[in-house]
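J.: my questions concern the predicted model and sequence given below.
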Amino acid sequence: MRAMHDYYAARAPEYDRIYQKPERQADLRRIETWLTEALAGRSVLEVACGTGYWTQFYAPGATRVLALDAAAQTLQIARARVPDKVQLIEGDAYAIPTVEAPFEAAFAGFWWSHIPLDRIDPFLRGLHRALQPGAKIIVLDNLFVPGSSTPISARDAQGNSYQQRPLADGSTHRVLKNFPTEAELLAAVAPHAQAATYRAWDYYWALEYTLATR
């Protein structure tokens, strides 16, 4: 996953441009409100927080927030954006640090699509170890929309899909980007969830589930 880390480190200064697409503004306003309400009053662990774009919306209503990302460059932007209550740490989503007080909720925005298919279950198990039984988990990501989404350029033998993404510095990066179906998402969390709900907007999907009691 080093290539992914290097891509997002290089993309940090222009990362938030994706949220400026005119056709996506109605979806974004709806999701901002929904996410804020869904996580209100809970302690939240956020994985792959990036520039803190989504953290800024829900964090004021959360009781505490620990947000981690692998790229120091994106965390630097996040520090100038999120409330002081948010603890930002540089860390690996596949090796979430041990916490003394398990969290009541977790959020991962635009991370699921970058997980290789064979690492989804190990990722979930690591995430769940930092959460209370009955915790709420929310995953948010992109739908593939022709004309708005970057085209798929390749697929591998395991079924992962890839995009070629150019950056402002002239470089081009091969980025793993999967677009799971509702059935695939529900099946992935079924061994861990006592309840799961899928929802979709025009350009985005979200999966919300409750962690099963151990």
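T.: Done, it's in. Predicted, not measured: the structure shown is a model, and the values here were computed from it.

J.: identify the single longest strand in the protein, thanks.
T.: When the chain is parsed with DSSP state E, its longest strand is strand 131-142.

J.: now do residue 190 against residue 106, distance only.
T.: 17 Å (Cβ to Cβ, to the nearest Å). (Each C-beta comes from the backbone N, C-alpha and C, glycine too.)

J.: of these two, which one has the most company?
T.: Neighbour comparison, residue 190 and residue 106: the larger count goes to residue 106, with 25 against 11 (by other Cβ atoms under 10 Å).

J.: what's near enough to touch the more buried one?
T.: Listed by Cβ atoms under 8 Å, 6 or more residues apart in numbering, the contact set of residue 106 reads 44-47, 127, 130-131, 135-138.

J.: mind listing the helices for the protein?
T.: Remark: helices assigned in the chain by DSSP state H are 2-11, 25-39, 55-58, 72-79, 120-128, 182-189.

J.: is it possible to get JSON lines of the ones you listed that adds mean neighbour count, mean pLDDT and distance to residue 101?
T.: Output for those, formatted as JSON lines (neighbours: other Cβ atoms under 10 Å; pLDDT from 0 to 100; distance: least, Cβ to Cβ, whole Å):
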{"stretch": "helix 2-11", "mean neighbour count": "16", "mean pLDDT": "70", "distance to residue 101": "28"}
{"stretch": "helix 25-39", "mean neighbour count": "16", "mean pLDDT": "98", "distance to residue 101": "17"}
{"stretch": "helix 55-58", "mean neighbour count": "20", "mean pLDDT": "98", "distance to residue 101": "19"}
{"stretch": "helix 72-79", "mean neighbour count": "17", "mean pLDDT": "94", "distance to residue 101": "22"}
{"stretch": "helix 120-128", "mean neighbour count": "17", "mean pLDDT": "97", "distance to residue 101": "15"}
{"stretch": "helix 182-189", "mean neighbour count": "16", "mean pLDDT": "98", "distance to residue 101": "24"}
